[in-house]
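> Model the following, please.
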Amino acid sequence: MKVAGYIRVSTNKEGQKESPENQKQLILNFLEENQYDLYDFYTDVETGTTDNREGLKKLIRDAENKQFDIIVAKELSRLGRNVELLYQLKRIAETKGVRLITLDGRVDTQDLSKQTMFGLYAWVYESESQRISDRIKSVFHMKYKSGKFLGSIAPYGYKLQDGKLIIRDDYTVEVVREIFNKYLEGWGHDKIARYLTKKKVPTPAQVAGKSNAGLYWQGTTIKKILSNPHYVGDLVQNRETSTNITNKKRKVNNQNEWIIVPNTHEPIISREVFEQAQKLLASKARKGRGKTKAQKHLFTNILYCADCGASMWYRHNRKGYICGNYAKHGNIACSHHAIKEQQLIETILTDLKSIYDSFERLDTEKQIKNKVHELQKKNAIRLQTIEKQIQKQMDLKRNALQKFIGGDISKEDYHDFVSMVQDKLQQLEMEKSTIKKAMVDSQSTTDLSTIRKQLDEFLSFQTLTTEMVLRFIERIEVDNNQNVKIYYKFAPIECVKV
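Model prediction:
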C-alpha cells in the first residue's frame, strides 16, 4: 500500500520549526508499524482556511489520479480548516478508493463509525475547481504556442536544449529513418522491432536513461515513432488532456484540438515520407491487421521453453508451438525451436499408458508416494527460502525509505526501486501459493486406485483431451533439442526424446 503523508504548519515562526519534522516522524512510525510504502510527503506552510496551497493541490491531483492508496495526516486540521476542501477530500476517498486517516484516531474513511466527522463540512464548488482547471489549461496553451517543447523526454532522435528539440549527433537519427523506410517497404511493427533488437540497437527507454528500460524493442514503440509528427519539424502538443476536473483520466484529443507550431525544429523525416507512413498506418488499421483474436490451444499456459522459461506459442502454419521469446524478439532472446502438437499428444498418451500399465506392479504406488514425499520435502525447503527472501525484500524497502527520507536517493529512484521490490514480492507470493497448492494436491493424488480409475476412463477414448491435460499434468518443458519433460501432478517423469 502506498501512503501520501500530508504535513502543514501555518507559519515559519520559530515556535513551529520543529512541527514539520514531528509530523513527518509520526507518519514514518505509522508506515513502519503497518509495513506500508511511502509515495511522497506533501508539505505546506500556509493557513488551513485556504485551498490555494501548492502541496495540497498536488496531493489532490495525485489522489484523483490514484497515485497512492492512503492519505495520512497528524489530524484533520492539518489537512484544512476549509469546509469545502474537506468535502472534496471526502469525495476522493469515496470515488477513488483512497483511504483518509488521521493519526489522532478521529478519522478513517473505512470506519463507518468515524465518517460522521465529515458531517460538518460541505462540498467544494465544482465550478470554482473547473475555473482553476481552465485557467491552468489556458496557461499551458499559451506556452504551447510559444514553440517550446514542454515534455520531460525528447522524442527518440532528438535532445532538449533550452526548450527546443535539437537533432542528436548519433546513430538514433538514422534508426528513425530506417524505421520509416522499412515500414514503407512492407515490414510490420514487430518485424522492425525484432530487427532492431537483433542488431542490439538501444531502445528509446535505454537512450533516455530510464532505470526500468527493457532490453527489447516493441512493436508498440515502432508504431509510436511512425505516428509522431515531431519528426517532420512541427511541434505538436495538447494531443492529450484530462477528461474533466473530476475525472483525471487522460483522453486523446481530436486533431482539430492539437496545438501545432510548424517548422520549430529541424526535421528527421520529410513530409512526403511521413504522410506515406500515415496513409499506410490508416490503411492497415481499417483492414484490422494485427488484431487477430488470440485462441487457446491444448497446451496453452502449460507448455514452456526449457531454455529461457517463456511460454511456447501455437502457430497454425507449423501445427505446433514455438518459444514465445523467439516469436517476439528473434534469436537474440532464444533459439529457433518448435514442436508439433501431434508429437506432444502421442508422447503424452504413450507415457500415460505406460504409467497405467505399470500400476500392475506392486511397488508402483510406493514409488509414487516416495516421489511425492521427496517433492514435499523440497517444497517445504523452498517455502522456507521464499519466506527469507520476502523478509529480505521488506528490509530493502525499509532501507530505501530511509535513504529517500535522508535525501540520498530521488523520489523517482525510490519509486522505481519499490516498484521493482513489489514485483519481486508478488512473484514470491505467487510462487508460495503455487507450492502450497501443489503440496495439497500431491497429498490427494497419491491414491493409486483413484489415479488408475481416472486413467482407465480417459485412455479408453484413445485421445488426449483438455480435461486430461488439466487433471494430470502440471507443466511441460521442451528444449532446443526437442527433449520433452513432463511434470505430472502426482510425480515428475521425464519423457523420452521426441
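
> Domain-wise, how is the protein divided?
Residue ranges for the structural domains of the chain, counted by automatic domain parsing, are given in the record as 2-124, 130-287, 341-494.

> So which of the ones you listed is nearest Ala306?
Minimum separation from Ala306 across these (C-beta to C-beta) falls at domain 341-494, 3.8 Å. From N, CA and C alone the C-beta is placed, and that goes for glycine too.

> circling back to that earlier point, a markdown table for the domains of the chain, including mean neighbour count?
Below are the domains of the chain laid out as a markdown table (neighbours: other C-beta atoms under 10 Å):
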| stretch | mean neighbour count |
| --- | --- |
| domain 2-124 | 17 |
| domain 130-287 | 15 |
| domain 341-494 | 15 |
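
> out of those, nearest to Ile332?
Each of the domains of the chain was checked against Ile332 via C-beta to C-beta, and the shortest separation belongs to domain 130-287, namely 5.0 Å.

> What segments of the stretch 151-300 of the chain are strands?
The residue ranges that make up the strands of the stretch 151-300 of the chain, judged by DSSP state E, counting those that start in this stretch, are 158-161, 164-167, 235-237, 240-244, 247-252, 259-261.

> any idea of the mean pLDDT in the lengthiest helix in the chain?
The single longest helix within the chain, with elements called by DSSP state H, is helix 364-405. Helix 364-405 comes out with an average pLDDT of 80.

> From Ile473, how far out is Tyr304?
Counting by C-beta to C-beta, to the nearest Å, the gap from Tyr304 to Ile473 is 12 Å.

> no, scratch that, I was asking about Arg382
Using C-beta to C-beta, which is the criterion applied here, Arg382 is 21 Å from Ile473.

> same thing with His329?
From His329 across to Ile473, the span is 28 Å (C-beta to C-beta).

> How about Ile70?
With distances defined as C-beta to C-beta, the gap from Ile70 to Ile473 amounts to 43 Å.

> Select from the strands of the stretch 151-300 of the chain the stretch with the lowest mean pLDDT.
Of all the strands of the stretch 151-300 of the chain, the minimum mean pLDDT falls on strand 247-252 (a mean of 56).

> sorry, back to before: for the domains of the chain, which one sits closest to Asn317?
Asn317 lies closest to domain 341-494 among the domains of the chain, at 12.5 Å (C-beta to C-beta).

> For the residue lying closest to Lys353 once chain neighbours are set aside, list the residues it contacts.
With C-beta to C-beta, 6 or more residues apart in numbering as the criterion, Lys353 has its nearest non-adjacent residue at 6.1 Å, and that residue is Leu459. If a contact means C-beta atoms under 8 Å, 6 or more residues apart in numbering, then Leu459 has 349, 352-353, 356 as its contacts.

> What segments of the stretch 351-498 of the chain are strands?
Secondary structure of the stretch 351-498 of the chain (DSSP E, counting those that start in this stretch): strands located at 473-478, 484-488, 492-494.

> in its sheet, what does the longest one sit against?
Strand 473-478 sits in its sheet next to strand 303-305 (parallel), strand 484-488 (antiparallel), going by DSSP bridges.

> got the angle between the last one and helix 364-405?
Here the directions of strand 484-488 and helix 364-405 differ by 90 degrees (axes from the mean of the first three to the mean of the last three C-alpha atoms, to 10 degrees).

> mind exporting strand 484-488 as CSV, just the C-alpha atoms?
C-alpha atoms of strand 484-488 as CSV (Å, rounded to 0.1, in the frame of the first residue of the first chain):
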residue,chain,number,x,y,z
VAL,A,484,10.3,-33.2,-23.5
LYS,A,485,10.0,-33.2,-19.7
ILE,A,486,6.5,-33.6,-18.3
TYR,A,487,5.7,-32.7,-14.7
TYR,A,488,2.7,-34.8,-13.6
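
> All the helices of the stretch 151-300 of the chain, residue numbers only.
For the stretch 151-300 of the chain, applying DSSP state H, counting those that start in this stretch gives helices covering 172-184, 189-198, 204-207, 219-226, 271-287.

> Find out how far the longest one is from the centre of the chain, if you would.
Right, the one you point to is helix 271-287. Centre-to-centre, helix 271-287 and its host chain are 30 Å apart (C-alpha atoms, centre = their mean, to the nearest Å).

> which regions of the stretch 251-400 of the chain sit below the pLDDT cut-off?
For the stretch 251-400 of the chain, residues meeting the criterion pLDDT under 70 lie at 251-252, 286-296, 358-369, 371-372.

> Secondary structure element holding the nearest residue in space to Ile92 that is not next to it in sequence?
Counting by C-beta to C-beta, 6+ apart, Ala63 is the residue found nearest to Ile92 once chain neighbours are left out, at 4.8 Å. The secondary structure element spanning Ala63 is helix 54-64 (assigned by DSSP states H and E).

> Tell me which helix or strand comes right after that helix.
For helix 54-64, the following helix or strand on the C-terminal side (DSSP H and E) is strand 70-73.
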